[in-house]
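Chemist: need coordinates for the below:
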Amino acid sequence: MLLKANLKSMLKYVVSVFLLVIILFQMDFSVLQQQLHSIDSWSFGLALLAILCQIFFLNMRWHSFLQISNNKISFKTSSFINIAGYFANVLFITSVGGILAKSSLAVRHGLSITQAIFTTFLDRFMTLAALIVFSVFGLQFLEHVLDQRLLFMLSLSIIGVIAIVVLSLLILRSGLLKDFILSSRKRSRLIALLRMHTENYPLMFKTVCYSLIAQGCFILSVYILFLGIDVDMHIQTVEFLALLPVLALISALPISFGGWGVREGAFIYGLSLVGFSMESAFLLSVQVGVVTLIAPFLFGLPYLLQSDFKAFLLGNDKLPV
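Modeler: Model prediction:
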């Protein structure tokens, strides 16, 4: 099992390095260096602030989900658990590391293993759902930007995902799979959790809002970074913003180290459709990667400076609630 995980991690490294090498070999380094010197530090700082806001709303959503299973968990504790997931993503390369970290910490705070895993995956799903919503909204602005076949496939994929989710919920609520569900205790528990969350309409409304605001902060962050790059201001801004959720979805594919390489390739191809040069798109993508890497550490720094959190990380103590 450990060997298999190590092989997957190594493969992600290889994919990232391979893609980045291919991209770098095709770029004009004199242009890249010129644009690198023109980066606005204020824009970088504001973009970092927007990502910190994103993390705050993601912490709010995570706390709301945990409260359903254990209403004694404080916002301080749930925020730390969520931030630990970010750290695990960096340390263990894959998003699976973050899922395992958040789930195990949730278990240590009174959730059952089933509750912890379900809540973690639901939290991750809400992020993808928010990006899909923004992507659907932005598709109407990409009609004259994307190739019609590509636009059709993209639209079909998004509609297909939405249809599968809606159909699955309808089937579960209809009771058609009742005998199948009740034949297994684990399935029964999982479906009970699903219904407990999805039928809690105030919770779903609140967490959907948190998700949309969080991804809105991400899009704002990328737009701020765009304003800080010395590029042709005749770039189609509306189309640029419409592309960002799609590029974020592609970058989230778990096939590389932290999205590196995949994100750069997606940005270079996607943003070239709205007037970006290869160097500008690459530089913007790298900045996005850097701010999303720095922000969790800045957000988690106050927690890590406290001795009780250090002990908790090392497994020597339990966080106060």
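Chemist: so which residue is dead centre in this protein?
Modeler: The structure's the chain has its C-alpha centroid closest to Thr127; by CA atoms, centre = their mean the separation is 5.9 Å.
Chemist: how close does it get to Leu36?
Modeler: Counting by CB to CB, to the nearest Å, the gap from Thr127 to Leu36 is 31 Å. From N, CA and C alone the C-beta is placed, and that goes for glycine too.
Chemist: check Ala116 too.
Modeler: Taking CB to CB, one finds Ala116 at 43 Å from Leu36.
Chemist: and Met10, by the same measure?
Modeler: Plainly put, Met10 is 30 Å away from Leu36 if you go by CB to CB.
Chemist: what's the neighbour count on Leu168?
Modeler: Not quite, residue 168 is Ser, not Leu. 12 (other CB atoms under 10 Å).
Chemist: follow-up on the earlier one: host element of the residue nearest to the centre of the chain?
Modeler: helix 113-139 (DSSP states H and E).
Chemist: Gly258: which element?
Modeler: Following DSSP H and E, there is no helix or strand that holds Gly258.
Chemist: now swap in the one 10 residues further on and tell me
Modeler: Counting by DSSP H and E, the element that carries Ile268 is helix 262-272.
Chemist: list the buried residues in that helix.
Modeler: Under the neighbour-count criterion of 16 or more other CB atoms under 10 Å, helix 262-272 has 262-268, 270-271 buried.
Chemist: does Lys186 touch Thr114 like I think?
Modeler: Yes - judged on CB atoms under 8 Å, Lys186 makes contact with Thr114 at a distance of 6.8 Å.
Chemist: looking at the two, which is more packed in?
Modeler: Higher neighbour count among Lys186 and Thr114: Thr114, with 15 against 8, using other CB under 10 Å.
Chemist: measure the residue lying closest to the more buried one once chain neighbours are set aside to Val107 for me?
Modeler: Nearest non-adjacent residue to Thr114, counting by CB to CB, 6 or more residues apart in numbering: Arg189, 5.2 Å away. Note on Arg189: its distance to Val107, by CB to CB, is 15 Å.
Chemist: more neighbours, Ala116 and Leu36?
Modeler: Neighbour count, other CB under 10 Å: between Ala116 and Leu36, Ala116 has more, with 23 against 14.
Chemist: distance-wise, check the nearest residue to the more buried one once chain neighbours are set aside relative to His63.
Modeler: Once flanking residues are discounted, Ala116 sits nearest to Ala106: 3.8 Å by CB to CB, 6+ apart. Distance of Ala106 to His63, given as CB to CB: 11 Å.
Chemist: quick one: the longest helix seen in the chain to helix 113-139, angle?
Modeler: The longest helix of the chain (DSSP state H) is helix 41-69. In terms of direction (axes from the mean of the first three to the mean of the last three CA atoms, to 10 degrees), helix 41-69 departs from helix 113-139 by 140 degrees.
Chemist: now the helices: where do they sit in this structure?
Modeler: For the chain, the helices defined by DSSP H cover 2-25, 29-37, 41-69, 75-91, 95-107, 113-139, 148-174, 178-182, 185-198, 201-227, 237-251, 262-272, 278-304, 307-313.
Chemist: same list, the ones you listed, but as CSV with mean pLDDT please.
Modeler: Below are these laid out as CSV (pLDDT from 0 to 100):
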stretch, mean pLDDT
helix 2-25, 74
helix 29-37, 79
helix 41-69, 92
helix 75-91, 76
helix 95-107, 71
helix 113-139, 88
helix 148-174, 71
helix 178-182, 58
helix 185-198, 77
helix 201-227, 94
helix 237-251, 88
helix 262-272, 88
helix 278-304, 86
helix 307-313, 53
